[in-house]
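My questions are about this predicted structure, shown below with the sequence.
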Amino acid sequence: MKKYLITGGAGFIGSNFIRYLFSTYPDIRIVNLDKLTYAGNLDNLKDFEHDSRYRFVHGDICDAGLVDSLMPDVNVVVNFAAESHVDRSIGSPDEFIKTDIFGCFVLLEAARKHGVDRFMQISTDEVYGSIENGRFSETDALMPSSPYSASKAGADRLVYSYYVTYKLPVVIPRSSNNFGPYQFPEKLISLFITNALDEKALPIYGDGRNVRDWLYVMDNCEALDLILNKGRDGEVYNVGAGNEKMNIDITTQILRDTGNSEALMTYVEDRKGHDRRYALDIGKITSLGWTPRHNFESALSETVAWYRDNRWWWEKLKSGEYLEYYQNHYKRKL
Ligand code: NAD
Ligand code: DAU
């Protein structure tokens, strides 16, 4: 029986992945280790709270004793735990270095000591840096440009080194920008949808023409599961959907879907070191048998509908500590 240690499972992608796993493989066990930072939220998995297949452990992946104590009971490790927001990494990088690099090292050491069948490190397309034309393939050089992406690049290569040096059976997906339900409302799509539903300004950085490849979170979950099961040891897999959109295009659809006018579009000071474009060659994962199943425009409309129907989930998040961050971050801008 597969017994997973999922770290960061109370966050956006991790919680969607846990939900996906339980609905796909009823006979599994999952331990979810999460520090519950501002981005971790037990509401994301409320329906599994009393499920005997599921155990939540409140803790830090940097805590070697705790991680070591969990490892004997699992045979698959999936590391989602990270500080994940580029803007926060520009303001205060410390936690990014600790969690994203050192935390990953702690997990690797415990996995090596106890032996696991699989170790999947959730990396990101941001490790390549920006690309004006063409697409990055898995063998291209890493040129990360923010403290966030540099931390993720460090972990990505550290994981690879455990394959080369210790033969730990690792796989490393590098996914593009995810969107969907349960995304903390500070990233472009979740922030803009929730602001638009409240008829608040949508702060567009710079000229709004930066390009991201948007991937619906459920398509990503399917890709991650495939890589976990079919990926070759030591290999990296790009995961993208080919939905290259400028931020202003995303904004326009969100305004349309929420019934708002373009008056909410507010151009603000640019992000420091703002990557212009991300684009991935996905030949390797498609030859493994994956293809994204969701159409971008309809998945975005469904996502808007989810946030419209689930105010209980996000309204309370946009207060307290978050509000302080938001006001400080955007104070010179809005
Ligand atoms: P998120 O910020 O929503 O969730 C991160 C989770 O990690 C939270 O539950 C948080 O409490 C937990 N966490 C943070 N520090 C921890 C620690 N020290 N110990 C234990 N738990 C800790 O992030 P997300 O958007 O779901 O991203 C998940 C992973 O996927 C990250 O590794 C991120 O780098 C990667 N990724 C994200 C995207 C994206 O578009 N969101 C794309 C590619 C890769
Ligand atoms: O590419 C994968 C990465 O995508 C993940 O590794 C990161 O964890 C995830 O946060 C995301 O990073 P981005 O920086 O691309 O996502 P974000 O949603 O923060 O920004 C997307 C684009 O929108 C980017 O060009 C900046 C712009 N933006 C963002 C915010 C929050 C705005 O114009 N205004 C905003 O208020």
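Sure thing, it's come through. Ligands and ions are numbered 1, 2, ... in the order given.

so which strand or helix has Ser149?
When elements are assigned from DSSP states H and E, Ser149 belongs to helix 147-166.

Looks to me like Arg19 is in a helix.
Yes: assessed by DSSP: H, G, I helix; E, B strand; the rest coil, Arg19 belongs to a helix.

The residue lying closest to it once chain neighbours are set aside: neighbouring residues, count only.
Spatial nearest neighbour of Arg19, excluding adjacent residues (Cβ to Cβ, 6 or more residues apart in numbering): Leu45 at 7.2 Å. For every residue, glycine as well, the C-beta is placed using N, CA and C. Residues near Leu45, counting by other Cβ atoms under 10 Å, number 23.

go on, the one 4 residues further on?
As a burial measure, Glu49 scores 9 neighbours (other Cβ under 10 Å).

got it, and Lys187?
Around Lys187 there are 18 residues (other Cβ under 10 Å).

now check stretch 207-220, is it near ligand 2?
Yes: contact of stretch 207-220 with ligand 2 (Cβ under 6 Å from any ligand atom) involves Asn210, Arg212.

start at 119 instead
Yes, from this point I'll number from 119; that puts the last item at stretch 325-338.

Can you tell me the closest non-neighbouring residue to Lys270?
Per Cβ to Cβ, 6+ apart, closest to Lys270 is Thr242, 5.2 Å.

mind checking how far the one you found is from Phe223?
18 Å (Cβ to Cβ, to the nearest Å).

neighbour-wise, which of these two wins?
Thr242 (23 against 17).

confidence score at that one?
Note on Thr242: pLDDT of 98.

what's the answer for Gly438, then?
Value for Gly438, per-residue pLDDT: 83.

Check the gap between it and Ser419 for me.
30 Å.

who has more neighbours, those two?
Using other Cβ under 10 Å as the criterion, Gly438 and Ser419 rank with Ser419 on top: 15 against 10.

got the contact list for the closest residue to ligand 1 within the chain?
Nearest to ligand 1 in the chain, going by Cβ to the nearest ligand atom, is Gly129, at a distance of 2.0 Å. By Cβ atoms under 8 Å, 6 or more residues apart in numbering, the contact list for Gly129 reads Asp152, Ala157, Gly158, Asn159, Asn162, Phe198, Ala199, Ser202, Phe302.

ok, of these, which one's closest to ligand 2?
For the contacts of Gly129, with ligand 2 as the reference and Cβ to the nearest ligand atom as the criterion, the closest is Ser202, at 3.8 Å.

The closest one: how many residues sit nearby?
Ser202 has 24 nearby residues by other Cβ under 10 Å.

Ok, Ser308 next?
Neighbour tally, Ser308, other Cβ under 10 Å: 21.

ok but it is inside a helix, no?
Yes: Ser308 sits within a helix when classified using three-state DSSP.

Specify the local secondary structure of the closest residue to it other than its chain neighbours.
Spatial nearest neighbour of Ser308, chain neighbours left out: Gln301 (4.0 Å); criterion: Cβ to Cβ, 6+ apart. Following three-state DSSP, we place Gln301 in the coil state.

contacting residues for Gln301?
With Cβ under 8 Å, 6+ apart, Gln301 has these contacts: Phe130, Ile307, Ser308, Val335.

repeat for Ala229
Contacts of Ala229 by Cβ under 8 Å, 6+ apart are Met189, Val195, Phe237, Tyr280, Leu286.

and the two most separated of these?
Taking Cβ to Cβ, the two most distant members of the contacts of Ala229 are Met189 and Tyr280; they sit 14.1 Å apart.

what's stretch 390-408 in contact with?
Contacts for stretch 390-408 (Cβ under 8 Å, 6+ apart): 208, 243-244, 246-250, 252-256, 263-264, 292, 294-295, 323-324, 328-331, 340-341, 344-345, 348-349, 353, 355-358, 360, 362.

These in strands, which ones?
Using DSSP state E, the subset of those located in strands is Arg292, Asn295, Tyr323, Val329, Arg330, Asp331, Glu353, Tyr355, Asn356, Val357, Glu362.

can you name the two of those that are farthest apart?
Tyr323 and Glu353 (34.1 Å).

now do the same end-to-end measure for stretch 256-275.
12 Å (Cα to Cα, to the nearest Å).

So which residues make contact with that stretch?
Against stretch 256-275 from outside (Cβ under 8 Å, 6+ apart): 200-204, 206-208, 211, 214-215, 218-219, 222, 239, 241-242, 244-248, 290, 292, 353-356, 391, 393, 399, 402.

Need the buried ones from these selected in PyMOL.
This is how PyMOL selects the buried members of the contacts of stretch 256-275, with burial counted by 16 or more other Cβ atoms under 10 Å:
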select buried, resi 200+201+202+203+204+206+207+208+211+214+215+218+219+222+239+241+242+244+245+246+247+248+290+292+353+354+355+356+393+399+402
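
out of the contacts of stretch 256-275, which touch ligand 2?
Applying Cβ under 6 Å from any ligand atom to the contacts of stretch 256-275, those adjacent to ligand 2 are Ser202, His203, Val204, Thr242, Glu244.
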